[in-house]
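**Q** Have a look at this fold, sequence not included:
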């Protein structure tokens, strides 16, 4: 269940690819005048840079995943409720209350109370 919150290992993102592509483009004019050894160096440099940046990105992402797992494991079980749309979840949504209590629902929905009853997640936290 906790594995859902952990990001998957993906290929290096744009923060790695864009600088390497720009470096390769910058190197192209020098390839025609360079010796075989210089060409090998000019090609190896961006490849080494890609490998280094990819390793740094992987290390940072792994650290974030470990931190996220530690946070989830320290969270009380009752706070880890399934989303309302999850199959088998017996949680009653606010829409159920709205059907029989429209004025109370409107009062609640238009107040700050609606937002303070949400689980803390990036989209719900204002600070």
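**A** Sure thing, it's come through. Given the structure is predicted, the values throughout are model-derived calculations rather than measurements. Numbering: from 1, shown residues only.

**Q** Could you chop the protein up by domain?
**A** 1-80, 82-127 (automatic domain parsing).

**Q** Could you dump those into CSV with mean neighbour count and mean pLDDT added?
**A** Placement of C-beta: from N, CA and C, glycine included. Listed next are the domains of the chain as CSV, based on neighbours: other CB atoms under 10 Å; pLDDT from 0 to 100:
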stretch, mean neighbour count, mean pLDDT
domain 1-80, 12, 74
domain 82-127, 10, 73
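
**Q** Helix or strand: which one has residue 67?
**A** Secondary structure assignment for residue 67, by DSSP states H and E: helix 36-74.

**Q** How about the backbone phi and psi for residue 18?
**A** Backbone torsions of residue 18, given as degrees, to the nearest 10, read phi -60, psi -50.

**Q** and if you look at residue 32?
**A** The phi/psi pair for residue 32 (degrees, to the nearest 10) is phi -70, psi -30.

**Q** do you know how far it is from residue 70?
**A** Noted for residue 32: a distance of 53 Å to residue 70, by CB to CB, to the nearest Å.
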